[in-house]
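S.K.: 3D, please:
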Amino acid sequence: MSFTQDQFIAKVVKSDAYVAGSKIKFDFGQEGSILLDGIGRKVEKDDGPADSVISLSWADFQALADGNLNPMTAFMTGRVKVQGAMGPAMQLKQIFQTIR
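M.R.: Down below sits the predicted model:
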């Protein structure tokens with residue numbers, strides 16, 4: 001299923017799906033960034049500081065969120081790169097399951 005960044009943000013807000021106590025930034029390169037702030041309990045298109053920065057294409061992000069791309073496979077093949085704390089990044093599968 002295809003969705004926009006704004007639709008993803010709305011789903012996170014509606015389901016209150018955050019990684020408690022952590023800030024995670026999704027960096028989509030030219031397609032922008034989304035900051036998932038589990039401290040302030042907000043999510044927005046922002047390029048601010050984060051505990052974990054996850055770099056990937058928007059298409060791969062959609063596939064992960066929909067469950068069509070295995071997170072470990074994506075990481076091991078370099079389609080997803082993580083900088084900073086790995087703990088919050090490891091909890092993303094739960095977030096994606098919550099917003100489905």
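
S.K.: Any regions of this structure where pLDDT drops low?
M.R.: Along the chain, segments meeting pLDDT under 70 span 1.

S.K.: where exactly do the helices run in it?
M.R.: 5-15, 58-66, 71-76, 86-90, 92-99 (DSSP state H).

S.K.: Nearest to Arg41, out of those helices?
M.R.: Set against Arg41 and scored by CB to CB, the helices of the chain come closest in helix 5-15, at 9.1 Å. (Glycine included, C-beta is placed from N, CA and C.)

S.K.: That closest one to helix 92-99, inter-axis angle?
M.R.: On the basis of axes from the mean of the first three to the mean of the last three CA atoms, to 10 degrees, helix 5-15 is oriented at 80 degrees to helix 92-99.

S.K.: Need the helices of the chain in a markdown table (columns: distance to Lys42).
M.R.: Listed next are these as a markdown table, based on distance: least, CB to CB, whole Å:
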| stretch | distance to Lys42 |
| --- | --- |
| helix 5-15 | 8 |
| helix 58-66 | 19 |
| helix 71-76 | 24 |
| helix 86-90 | 15 |
| helix 92-99 | 14 |
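
S.K.: As TSV, the ones you listed with mean neighbour count and distance to Asp46 would be great.
M.R.: Formatted as TSV, the helices of the chain follow (neighbours: other CB atoms under 10 Å; distance: least, CB to CB, whole Å):
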stretch	mean neighbour count	distance to Asp46
helix 5-15	15	11
helix 58-66	17	16
helix 71-76	13	23
helix 86-90	16	16
helix 92-99	16	17
